[in-house]
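Novice: Structure of the sequence below:
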Amino acid sequence: MILKTYARMFSADCDATLFLLERLHGRKPHIRFRFGEWELGGIGDILVVAGPNEALAPIRDTHGPIIVCDIEVVQAALVAAGAVITTPLTQVPTGRMLYARHPDGLHIEYVQWTDDLVERLIRVPQREGRLSSEL
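Specialist: Residues are numbered from 1 along each chain as shown. Presented below is the predicted three-dimensional model:
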């Protein structure tokens, strides 16, 4: 099951991009972290991925991330549908992820967040009657 989707924006300067998005969205990022050479920040349904061009090059043709409940179930469904796993299950600061190229050519990142992130960024807002896009 899909819990949340993001539109990914690539940037050379995470702080500058988030500064403008904060004004447009009316709130601070709900998630900020580093992963390798990348600096990431999320506001609503936008995930900014910032870094040098050469560091971003491997993922520029990808979409997502799509946040899912159970990444093993998703992986099995993807493979059964003819998708090719291009990056196997990998530990990341937010949980576990993989990249898959769908039979139609789309290249998608799937992430299973840690239980703590799911609770804080999905379940708590749901109990409060808010959408995760309002984060």
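
Novice: Which helix or strand contains the most centrally placed residue in the chain?
Specialist: By C-alpha atoms, centre = their mean, the chain has its centre lying nearest to residue 65, at 3.2 Å. If you go by DSSP states H and E, residue 65 is part of strand 63-68.

Novice: buried residues in that strand?
Specialist: For strand 63-68, the buried set under the neighbour-count rule, 16 or more other C-beta atoms under 10 Å, comprises 64-68. All C-beta atoms are positioned from the backbone trio N, CA, C, and that covers glycine.

Novice: Tally up the residues packed near residue 52, please.
Specialist: Counted with other C-beta atoms under 10 Å, residues neighbouring residue 52 total 10.

Novice: Past the strand holding residue 65, which element shows up next along the chain?
Specialist: The helix or strand immediately downstream of strand 63-68 is helix 71-80, counting by DSSP H and E.

Novice: for that next one, packing partners?
Specialist: For helix 71-80, the elements it packs on are strand 84-92, strand 95-101, strand 107-113, judged by 3 or more C-beta pairs under 8 Å, 6 or more residues apart in numbering; DSSP states H and E.
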